[in-house]
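# quick check, what structure comes out for this input:
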Amino acid sequence: MWADDQVEQLKRMPNVAYATIKAAEQFPAFVQAQDKTRASEMVKKRRAEATAKSKEWSAKVSDLHKRLEELEKVVTDGGAEALAVLNEVGHVTQQLNTAQRHHDALVSTEEHLAAIEADPSGYWEEFLSKYPGLRDRQITLAQYLAERGHFAQRFR
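Numbers count the residues shown, from 1 in each chain. Next comes the predicted model:
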């Protein structure tokens, strides 16, 4: 992990105070905690969106099944032309197939979210390797130590 690499580089530097090294050793755990927090917030948001979409598509599927039952009743009663009913059944079936594709996408989203929850640091490492410009927005070891009062004498 990149945080471990920064700590190892600091340990190889000459004239670094023991307290600074000890504080730096906490940096990887701090980064992992940050990654976990960001991942859990993102998963929570995406899961809420997926749940809302799932409810929407479930309602649509229920409506489509009701429509198919109505069409079946119309056919059994003989109250409509066969061609019109066939066209309507084809349209409803097409909409059901679309709903199934959306359901499959939501299942895939849930699997992805479970993978993120299982390894949040790994997810962020992979994400930042795809988009390296975003790594600049993460806290560095120097910033972490400066926030905790280490290296202050060097910046005066």
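
# surely residue 57 touches residue 103?
Yes - taking CB atoms under 8 Å as the definition, residue 57 is a contact partner of residue 103 at 6.2 Å. All C-beta spots, glycine's among them, are computed from the backbone N, C-alpha and C.

# give me the more crowded residue out of those two.
More crowded of residue 57 and residue 103, by other CB atoms under 10 Å: residue 57, with 18 against 15.

# now find how far off-centre whichever strand or helix holds the more buried one is within its chain.
Assessed by DSSP states H and E, residue 57 sits inside helix 27-77. On the basis of CA atoms, centre = their mean, to the nearest Å, helix 27-77 sits 14 Å off its chain's mean C-alpha point.

# equivalent analysis for stretch 89-104, please.
With CA atoms, centre = their mean, you get 26 Å for stretch 89-104.

# how about that stretch: buried residues?
Using 16 or more other CB atoms under 10 Å as the test for burial, stretch 89-104 gives 92, 99, 102.

# what residues does that stretch touch?
53-54, 57, 60-61, 64-65, 67-68, 71 (CB atoms under 8 Å, 6 or more residues apart in numbering).

# rebuild the residues you listed as a markdown table, extending it with pLDDT and distance to residue 147.
Output for these, formatted as a markdown table (pLDDT from 0 to 100; distance: CB to CB, whole Å):
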| residue | pLDDT | distance to residue 147 |
| --- | --- | --- |
| 53 | 90 | 40 |
| 54 | 87 | 42 |
| 57 | 87 | 46 |
| 60 | 89 | 50 |
| 61 | 88 | 52 |
| 64 | 90 | 56 |
| 65 | 89 | 58 |
| 67 | 89 | 61 |
| 68 | 88 | 62 |
| 71 | 85 | 67 |
